[in-house]
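[1] Sequence and predicted structure are below.
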Amino acid sequence: MRRLPPPSRAGLVVTTVVLSLVLAACGGGGGAGAGGTSASGGQIGSAPLVERSPSRFQSDLAAYKGKVVVVNFWASWCGPCKAEMPTLEQVSKEYAGKDVAFIGVDSSDVRDSAGKLLADLKVTYPTVYDKAGINGGIATAWSVASLPQTWFIAKDGSRSGRIPRPLSAAELRSRIDQLLTAPA
């Protein structure tokens, strides 16, 4: 067996940098899901459907303080969820560059099916995977009993209400605008 020479110092630096970037991407530390942008350091993850526990999701949301946050719970098997997603995507693009963030939470679903749906509908806002869902996951912590369900978070980080049904674009804009103009 032929013995390889020890790596050069430059080679070690390059290897370290590359590994750091790979680990950051896999660990959920960078940008947003599905090609979107995320707020305050990208706590939600660099790829769609990064799995989150309820406590990790709560700590991720803390990075969005100062913004209005729309949190939409959905699943790929839910017909009304699929019908609502293009509206959420459209409105998320309308508010791009403003103090508004959209986050999807795929609950109690098959991850591959959810990923296919996100790709097919070209969803660009970050989406996390809530594997446990209504069985002790994020959905349970947020009292989600039906899908779709959309929660609104005020700029101070408090939950400001929810709507347990599909939303129209006008209704979604109205709720966001109310929260954007509310005193902080």
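    Sure, I can see it.
[2] Low-confidence stretches in this protein?
    1-43, 45-47, 184 (pLDDT under 70).
[3] Which residue ranges of it form helices?
    9-26, 54-62, 79-94, 111-120, 138-141, 169-181 (DSSP state H).
[4] Packing partners of the fourth one?
    Helices and strands touching helix 111-120, as assessed by 3 or more CB pairs under 8 Å, 6 or more residues apart in numbering; DSSP states H and E, comprise strand 127-130. Where you see a C-beta, it was placed from the backbone N, CA and C, and this is true even at glycine.
[5] quick one: strands adjacent to the strand it packs on?
    Strand 127-130 pairs in its sheet with strand 50-51 (parallel), strand 100-107 (parallel), by DSSP bridges.
[6] Relative to the whole chain's centre, how far out is that strand?
    6 Å (CA atoms, centre = their mean, to the nearest Å).
[7] Name the residues that touch that strand?
    In this structure, residues lying in contact with strand 127-130 by CB atoms under 8 Å, 6 or more residues apart in numbering are 33-34, 44-45, 48-52, 57, 60, 73, 103-109, 111, 114, 118, 137-139.
[8] ok so, going back, which of the helices of the chain is buried the deepest?
    helix 138-141 (a mean of 20; mean count of other CB atoms under 10 Å).
[9] circling back: I'd like the helices of the chain as a markdown table, with distance to Ser160 appended.
    Shown next, in a markdown table, are the helices of the chain (distance: least, CB to CB, whole Å):
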| stretch | distance to Ser160 |
| --- | --- |
| helix 9-26 | 32 |
| helix 54-62 | 13 |
| helix 79-94 | 17 |
| helix 111-120 | 26 |
| helix 138-141 | 17 |
| helix 169-181 | 6 |
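[10] phi, psi of the residue lying closest to Ser108 once chain neighbours are set aside?
    Excluding the flanking residues, the one nearest Ser108 by CB to CB, 6 or more residues apart in numbering is Gly133, at 2.9 Å. Note on Gly133: its backbone torsions stand at phi 50, psi -120 [degrees, to the nearest 10].
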